[in-house]
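K.L.:
coords below, sequence missing:
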């Protein structure tokens, strides 16, 4: 009855001329968190990374790292409510690269770059003491069980796939899935959807028996840090000076990354077979990449449907074929009414988006093939190791293994040095 | 395997490859940071609702990640007609034009009515009570001046990287705005 009777730019009821000297109030506009506080976050990150490095390499102190991660959980977790964090930052970087309308804030660039730069030189100091998501899982770890090697290696490729999917979704503007499915941020906020709160609780329960499950089998930023720390200059070592091969540290790592010394050269006949397998895998790598890209191209239409605009365009198309009546003033009915007022705009935007998502899924498929191929190749390359030492990529630098080493105990003065004489060499 | 005589080299082959990879990664990271910060903004973004696109559907009340939505109703007093029969305040066909709960549109009595002078009434929002359901916004926009509108309150918003309400907004009304000017206030009707 009344709808549509609006006059644009003109008030239906003119503002009154008050006679009582009434002053118009002004609506309050509480400001967003100040810029100075954002730089404070970066400063805290830098200091925390520095302290973590000092604790890992100078003090070799598990206790210090524990207190540092408790602080990080308090500051980045419960005080900053888990946002801003480096885990989601690759999405912002990619959105900034692919979408000229979005410029990445300086603080986000700092949060993306700093932990990675540290990892290139000194491993995953960020994971050890600065990441609140890692810290909360660490506190729940009571009885670490050993994950079988095949499962560990198999699940280990999920972070890379999640990273690829997250970047593909961010690049197309579909959304930030890494942030959406972060199980711990809702716990830091004490609010969130039921599904994600249950997922967070599930991860913590699992984390009581499997050390830091999110970090090892899901965290996409962890995948980047893992790759970066493969080439790091300084590495976490179990022993402060030399390894006596006493095997005391063998089972000390709750994340199962301490590796044995390599067994020596393989027998020539076996070596030949290993070489041939490696050769085949190298040949298979491009095949896997192309096959992955082809499989990815089949995912395009399904993946595009997750974008709100594409979803709306499809609902509109369905509505044209077979009208469904949604309730009055429901979000569905309102959004359909918006499309009907200008179908061209939404439909052309959806077509453009479909094209972009198709490209992104092909790239994602190729990436998945590459990850699989590289993983298989890495598994068939023999690493030469003389001592018991942590895996370079997988080590979270938590420092738990330090105190298992008798040489560390000598260093700390807990064990007289002469007792070591018979075990050394 | 033939054992070669050990040559004293300053860096092993593996070490050399690692150094090279690290240098390449650092260069890449530096270049990425350079390209990014070239176009970066110091102050960053916050989410905000464009009142011109808002369809008052009610999603804001329930879809925020916070238990109490960060979206609240805001009043542009300069646009308000100070009506006695405010269609944002009163339910359709009210029994009486009084503040009785049965007459009010607001489910939480967050919209408060105070007498100014005959026949004008001032309407203010108690943000602690407002749940951002936009019923008053719908009433005011449909029949009145449209002086009531929804805004994200930045003292409450936790600034998610991806706004959970924006994802489901039927009017596509959410967008990132510069943190320096974090509100999109109404100054004229419509």
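P.N.:
Received it, and whenever you're ready, just let me know what you need. Please read all numbers here as calculations on a predicted model, not as lab measurements.
K.L.:
Could you use CA atoms for every contact and neighbour count after this?
P.N.:
Noted.
K.L.:
In the longest helix along chain B, which residues are buried?
P.N.:
If you go by DSSP state H, chain B has its longest helix at helix B:13-39. Of the residues in helix B:13-39, B:18-19, B:21-22, B:25-26, B:29, B:32-33, B:36-37, B:39 count as buried by neighbour count, 16 or more other Cα atoms under 10 Å in any protein chain shown.
K.L.:
show me which of the residues you listed neighbour chain A.
P.N.:
Restricting the buried residues of helix B:13-39 to those touching chain A (Cα under 8 Å from any Cα of the partner chain) yields B:18-19, B:21-22, B:25-26, B:29, B:33, B:36-37, B:39.
K.L.:
Among those residues, name the least confidently predicted one.
P.N.:
Of all those, residue B:39 has the smallest pLDDT value, namely 81.
K.L.:
Now do the contacts for that one.
P.N.:
Contact analysis of residue B:39 by Cα atoms under 8 Å, 6 or more residues apart in numbering or on different chains lists A:103-104.
K.L.:
again, 10 Å this time
P.N.:
A:96-97, A:100, A:102-106 (Cα atoms under 10 Å, 6 or more residues apart in numbering or on different chains).
K.L.:
what do you get for residue A:186?
P.N.:
Contacts of residue A:186 (Cα under 10 Å, 6+ apart): A:81-82, A:180, A:192-194, A:196-200, B:65-66.
K.L.:
can you tell me the helix or strand for residue A:199?
P.N.:
helix A:194-207 (DSSP states H and E).
K.L.:
Who's the closest spatial neighbour of residue B:119, skipping the chain neighbours?
P.N.:
residue B:84 (6.1 Å; Cα to Cα, 6 or more residues apart in numbering or on different chains).
K.L.:
From what I see, that neighbour and residue B:122 are in contact.
P.N.:
Yes - using Cα atoms under 10 Å, residue B:84 makes contact with residue B:122 at a distance of 9.0 Å.
K.L.:
now, among the ones next to chain A among the buried residues of helix B:13-39, which is nearest to chain A?
P.N.:
Using Cα to the nearest Cα, residue B:18 comes nearest to chain A of these, at 4.9 Å.
K.L.:
you'd agree the closest one is up against residue A:233?
P.N.:
Yes - using Cα under 10 Å, residue B:18 is in contact with residue A:233, at 8.1 Å.
K.L.:
which stretches of chain B form helices?
P.N.:
B:13-39, B:59-63, B:135-143.
K.L.:
sorry, back to before: just the pLDDT at the residue nearest to residue B:119, thanks.
P.N.:
91.
K.L.:
before we move on, the earlier item: so what sits against both of residue B:18 and residue A:233?
P.N.:
With Cα under 10 Å, 6+ apart, residue B:18 and residue A:233 have common neighbours residue A:120.
K.L.:
about what we covered before: TSV for the helices of chain B, including distance to residue A:29?
P.N.:
TSV is the format used below for the helices of chain B (distance: least, Cα to Cα, whole Å):
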stretch	distance to residue A:29
helix B:13-39	28
helix B:59-63	19
helix B:135-143	18
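K.L.:
What's the local residue count around the residue in the stretch 201-350 of chain A that chain B sits nearest to?
P.N.:
Using Cα to the nearest Cα, the single residue of the stretch 201-350 of chain A nearest to chain B is residue A:335, 4.4 Å away. Burial measure for residue A:335: 22 neighbouring residues, criterion other Cα atoms under 10 Å in any protein chain shown.
K.L.:
what's the helix or strand for it?
P.N.:
Short version, using DSSP H and E: residue A:335 is in helix A:331-341.
K.L.:
helix or strand right after that helix?
P.N.:
helix A:343-379.
K.L.:
Which element is encountered next along the chain beyond that following helix?
P.N.:
strand A:389-390.
K.L.:
tell me the mean pLDDT for that following strand?
P.N.:
Mean pLDDT, strand A:389-390: 92.
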